[in-house]
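Engineer: Got a predicted structure plus its sequence, pasted below:
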Number of protein chains: 2
Amino acid sequence: MQRIVVLAGGIGGARFLRGLKSAAPEADITVIGNTGDDIHLFGLKVCPDLDTVMYTLGGGIHEDQGWGRAGETFAVKEELAAYGVGPEWFGLGDKDFATHIVRTQMLGAGYPLSAVTEALCARWNPGVRLLPMTDDRVETHVLIDTADLDGSSGDDAESGRRAVHFQEYWVRLRASVPAHAVVPVGADVAKPGPGVLEAIADADVVLFPPSNPVVSVGTILAVPGIREGIADADVPVVGLSPIVGNAPVRGMADKVLSAVGVETTAAAVAQHYGSGLLDGWLVDTVDAGSVQAVEEAGIRCRAVPLMMKDTEATALMARQALELAEEVRA
Amino acid sequence: MQRIVVLAGGIGGARFLRGLKSAAPEADITVIGNTGDDIHLFGLKVCPDLDTVMYTLGGGIHEDQGWGRAGETFAVKEELAAYGVGPEWFGLGDKDFATHIVRTQMLGAGYPLSAVTEALCARWNPGVRLLPMTDDRVETHVLIDTADLDGSSGDDAESGRRAVHFQEYWVRLRASVPAHAVVPVGADVAKPGPGVLEAIADADVVLFPPSNPVVSVGTILAVPGIREGIADADVPVVGLSPIVGNAPVRGMADKVLSAVGVETTAAAVAQHYGSGLLDGWLVDTVDAGSVQAVEEAGIRCRAVPLMMKDTEATALMARQALELAEEVRA
């Protein structure tokens, strides 16, 4: 049985995984999930990326939206607003609240996030093993200009810049203001979660789905040991470009790419990962012109359609990633 | 302005308070609320009696039910059940969950329950000052036969008895099994909440509404200093019998009265409070025959209609309690 390890963020990663399961139904898939976008809201621990993977693969996702639960209601959120308790910009539905309540209760009882995630997945049966990248607290912060934050002032007024939680940057500000740096706070002292390094060491292939290379895959790689484990595993590592025609397929990856000094092109993202990590790279057919530059950087590259418009198209992408892995291995 | 202090439990206390506000719209009313029925559910702090008072006086109560919010939905509870997380016997609705989420978040941030209750009341404007009897943790437990608890076994098998949380006894078991003792765990070391003793000392009259004399008013009186404060305050203390025609008007007070060795009669409850505490006692007209016994016990007593069938009837009861207080004072 083929053992596949996938580093996944939220929507892009989750949809890719659905295609991968369809393309390789017999494979043993381990997902290392990003937890850098976790946030405490209303005293509850919310893990947006883990939940998006769990809900998507478990059949509970709001399909059009890509995150949150299908058929949601918002009674709790409306009541919280009536109490004047925010933030109001983060859309938690009633069903979703139950997940965060169970998670918070279990964490409070002393279970690590990995055990909690396993317990939640016992209901959803995602058909993959979903492992948080770490059980330690990591929170991605984004450095922005203080002037871009309404009503902001205080200690940091001198520097003129301020770090906000990634969700505040992404959801509240809609990535509409310049990001000067992206800092996965806590990642430098975090340990890979239980099973993470073992899964990488035992993998036949490692895939980077078209997730955000900075705040999703990049955050996972920032946990000491994970990047090294992948680089040392001596198995094909193949990624799929989230950038098509010099723009993110979805989301606002260009904003955080520029914060880390990477151009918004399929080739630049491959070079950002680097040939020390990445063996193969799929770019979209519209970016066929960049294949040569990627290969010159020491990364095997193919141009194929990369729009995940349905599970079939996504399964084809996954199959081509696995084929490129075999080509690299040979 | 007349300063009235009321010791209140849940439904009975809350409905009486609505009548009292109508009877004495200009009065300054301080409610000392029972917190012995508080319970942690799903990692959240739930204060059923405080919330029943707050929702009832604030116009958010489910009128027919007497507890919980009007127009509730139950998405969170259904999802928790889908995760296999219980208990399922405690009916928390989505709107109600929001209250417990806000409360738990504030407690977690370090605010005492009294400050949290004040913050919640800022939304509901109950028209009274609602003070928890204590900021310390008190939990009423009920001692029952182990055999009456499904599937119970273990360490306590020898004694054959086991203490369960009051809510488990009251809501899950519906008080249908014998109660051998009622223990307000923690009350002996609890301190009265901020403002409680001051309100008692400054009161013109203290009222015991027709709340449960054991698990509501009794628990409040079990906090050291409160009973003494009332007895020493040198103001009329008048109660209304929750027992009419030798049965509780609502609820299952007879079950917990027998646990403390008190007969289910209006006179026995008055004697249980005792003339050292109680100056006046209202019994229902059907219990007119017990007036003499109560007066012989040193407590002024009148027989008046005590069915809280609507706010008008309840306001009349409150007015008669205040009149009895003046009679006692004179």
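Structural biologist: Yep, it's here. Numbering: from 1, shown residues only, chains lettered A, B, ... in the order given.
Engineer: List the buried residues for stretch A:276-285?
Structural biologist: A:277-284 (16 or more other C-beta atoms under 10 Å in any protein chain shown). For the C-beta atoms, the positions are set from N, CA and C on the backbone; glycine is no exception.
Engineer: er, stretch A:300-307 I mean
Structural biologist: By neighbour count with 16+ other C-beta under 10 Å, stretch A:300-307 contains the buried residues A:300-304, A:306.
Engineer: model confidence over the lengthiest helix in chain A, on average?
Structural biologist: Across chain A, the longest stretch assigned as helix under DSSP state H is helix A:311-329. Mean per-residue pLDDT for helix A:311-329: 97.
Engineer: In strands, which of the buried residues of stretch A:276-285 fall?
Structural biologist: Judged by DSSP state E, those include A:280-283 as members of strands.
Engineer: Show me the two of the buried residues of stretch A:300-307 that sit farthest apart.
Structural biologist: The span of the buried residues of stretch A:300-307, defined through C-beta to C-beta, is set by A:Arg300 and A:Leu306 at 16.0 Å.
Engineer: Report the backbone C-alpha coordinates of the one helix or strand A:Ile230 maps to in PDB.
Structural biologist: Element membership of A:Ile230, judged by DSSP states H and E, is helix A:226-232. Presented in PDB, the C-alpha positions along helix A:226-232 are these (Å, rounded to 0.1, in the frame of the first residue of the first chain):
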ATOM      1  CA  ILE A 226       9.600  18.800   9.600                       C
ATOM      2  CA  ARG A 227      11.500  20.400   6.700                       C
ATOM      3  CA  GLU A 228      14.600  18.400   7.600                       C
ATOM      4  CA  GLY A 229      12.600  15.200   7.800                       C
ATOM      5  CA  ILE A 230      11.200  15.700   4.400                       C
ATOM      6  CA  ALA A 231      14.500  16.700   2.800                       C
ATOM      7  CA  ASP A 232      16.200  13.700   4.400                       C
END
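Engineer: give me the low-pLDDT residue ranges for chain A?
Structural biologist: Along chain A, the model assigns pLDDT under 70 to residues A:150-159.
Engineer: Can you show me the helices along it?
Structural biologist: Assigned helices in chain A, in chain order: A:11-23, A:48-58, A:75-82, A:94-108, A:113-124, A:166-167, A:196-202, A:217-221, A:226-232, A:253-259, A:266-273, A:291-296, A:311-329 (criterion: DSSP H).
Engineer: in the longest helix of chain A, what counts as buried?
Structural biologist: Going by neighbour count (16+ other C-beta under 10 Å), the buried part of helix A:311-329 is A:314-322, A:324-325, A:328.
Engineer: and it, what does it pack onto?
Structural biologist: Applying 3 or more C-beta pairs under 8 Å, 6 or more residues apart in numbering or on different chains; DSSP states H and E, one finds that helix A:311-329 makes contact with helix A:11-23, strand A:205-208, strand A:237-240, strand A:280-283, strand A:300-303.
Engineer: go with 10 Å
Structural biologist: In terms of contacts (3 or more C-beta pairs under 10 Å, 6 or more residues apart in numbering or on different chains; DSSP states H and E), helix A:311-329 is packed against strand A:3-8, helix A:11-23, strand A:205-208, strand A:237-240, strand A:280-283, strand A:300-303.
Engineer: what's the closest of the ones you listed to chain B?
Structural biologist: Smallest distance to chain B across these (C-beta to the nearest C-beta): 19.5 Å, for helix A:11-23.
Engineer: now the angle from the closest one to helix A:311-329?
Structural biologist: Relative orientation of helix A:11-23 and helix A:311-329, computed by axes from the mean of the first three to the mean of the last three C-alpha atoms, to 10 degrees: 80 degrees.
Engineer: how close does A:Gly10 get to A:Ala163?
Structural biologist: Distance, A:Gly10 to A:Ala163, by C-beta to C-beta, to the nearest Å: 21 Å.
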